[in-house]
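Q: everything below, folded, please.
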Amino acid sequence: MLKEVIEPTPAVQLPLHRQTTFVLVRPHYPENVGAAARAIKTMGFTQLTLVKPGRLAAPRHEMALKMAVKSRDVLLAAPVVDTLPQALEGVDFVVATTARPGVSGVLAPRTIAPELLDRAERGERIAIVFGNEKTGLSSEDLELAGARVRIPMAANQPSVNLAQATQLIAYELFTSALAHAQGPSSA
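A: Numbers count the residues shown, from 1 in each chain. Coordinates of the predicted model:
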């Protein structure tokens, strides 16, 4: 039987934290699901949604739980839905991540962060959407987004790991929100 563990809430809570959910579409590996929960929580985010996870990628899978170090609360609270539109109900602005070449208008996470901060401060709900480890987001998924982001890479790699991608995006958003909250005198 799974022992329920109550994890501490993040020490820093900014408007962006309360208004943002991270959405994993068709994740395949339980390790990535658990590590993504840990990745976002380390940056103060606590809302995770899973869209049609693979058979093994269930939040209660042994390996997902193992990888969600001090973040089981985020993992176990993650709603599991059948479609991306279901995951986006109530969301005002969607950001899709993509490593696919040829997608136009793609921004770096640091570039879009100020817009997301402004939206969060106005009370808008934001979703950051990540695709499957092997195939990414479909063209139909990308069309649901108001913006697209790509993590810059120096090496000729097709993409970064799903959990790493959530960590990098969460980090960029958190550091931007923290700098914004501290104001120009802290720079």
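
Q: would you map the helices across the chain?
A: Taking DSSP state H as the criterion, the chain contains helices spanning 15-19, 30-42, 62-67, 72-77, 84-87, 109-121, 139-143, 162-182.

Q: contact partners for the residue most central in space within the chain?
A: For the chain, the residue nearest the mean C-alpha position is Phe22 (3.1 Å; Cα atoms, centre = their mean). The contact partners of Phe22, by Cβ atoms under 8 Å, 6 or more residues apart in numbering, come to 36, 40, 45, 47-49, 127-128, 130, 166, 169-170. (C-beta placed from N, C-alpha, C; glycine too.)

Q: okay, now the residue nearest to Pro109 when sequence neighbours are not counted: neighbour count?
A: Leaving aside its sequence neighbours, Pro109 sits nearest to Glu172 (Cβ to Cβ, 6 or more residues apart in numbering; 3.9 Å). For Glu172, the number of neighbouring residues by other Cβ atoms under 10 Å comes to 20.

Q: can you start the count at 20 instead of 1 from here on
A: Sounds good: first residue 20 from here, last item Glu191.

Q: any chance of the contacts of Phe41 in a markdown table, with neighbour count and pLDDT too?
A: A markdown table is the format used below for the contacts of Phe41 (neighbours: other Cβ atoms under 10 Å; pLDDT from 0 to 100):
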| residue | neighbour count | pLDDT |
| --- | --- | --- |
| Ala55 | 31 | 97 |
| Ile59 | 29 | 96 |
| Phe64 | 26 | 95 |
| Gln66 | 19 | 96 |
| Leu67 | 25 | 98 |
| Thr68 | 21 | 98 |
| Ala146 | 25 | 98 |
| Ile147 | 27 | 98 |
| Phe149 | 25 | 97 |
| Thr185 | 26 | 96 |
| Ile188 | 25 | 96 |
| Ala189 | 23 | 96 |
